[in-house]
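K.L.:
Any chance you could fold what I've pasted below:
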Amino acid sequence: PLYMQNKKAPAPAAESIRTEAIALDVIDSMQPGWLYIVGPGTTTRAIALKLGFPKTLVGVDVFTRGSVIALDVSEHRLLQLLEHQSAKIVVAPIGGQGFIFGRGNQPISPEVIRKTGRENLIVIALPEKLIALRGQPLLVDSGDPDVDQLLGGYVPVVTGYHEKVMCQISLSPGGQ
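P.N.:
The predicted structure follows:
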């Protein structure tokens, strides 16, 4: 069982208010001149919608507080953008699984993570999704053991407007 991941769990519609609160917290903290690389998912999509921007549900998109830079980007495009501007990465764990890297957001590659730095990682999650993990850590499986080690440890997770909890990030059982 340790090596089996849980099935993907969708977010119920009733959670839209909490998702909006998370989006507002991220938007209020957005810094001028920075890019925001936003991973896939319904929780991250709320950020784009609150900004009035389109968001690809299963893609990685790039925004500033005031504009859409690129939609459904590739790793190559992210690396090009990072040559000229600093960026933060916004990701949400896959519901029911807990992966923040290595499942569904491949454009956010180990090289992209290295260039942005762990200090520029913003993890967001509905409290219910964290509870569903039953105390298990958030998982990474970037494909690069050094980057996975870099991401390990504790990280604040935005769970509401000005609400955060500390969660552990660990290597996926298959990546150890």
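K.L.:
Stretch 155-175: how far from the chain's middle?
P.N.:
Offset of stretch 155-175 from its chain centre (CA atoms, centre = their mean, to the nearest Å): 10 Å.
K.L.:
which outside residues touch it?
P.N.:
2-3, 5, 18, 21-22, 24-26, 99-100, 102, 121-127, 130, 137-141, 145, 148-149, 151-154 (CB atoms under 8 Å, 6 or more residues apart in numbering). (Glycine included, C-beta is placed from N, CA and C.)
K.L.:
Just the pLDDT at the most centrally placed residue in the chain, thanks.
P.N.:
When the chain is reduced to its mean C-alpha position, the nearest residue by CA atoms, centre = their mean turns out to be residue 91, at 0.5 Å. Looking at residue 91, its pLDDT reads 97.
K.L.:
Now do the contacts for it.
P.N.:
Contacts of residue 91 (CB under 8 Å, 6+ apart): 39, 44, 100, 101, 105, 108, 121, 122, 123, 124.
K.L.:
what do you get if the cut-off is 10 Å, keeping everything else the same?
P.N.:
37-41, 43-44, 60, 99-101, 104-105, 108, 121-125, 138, 140 (CB atoms under 10 Å, 6 or more residues apart in numbering).
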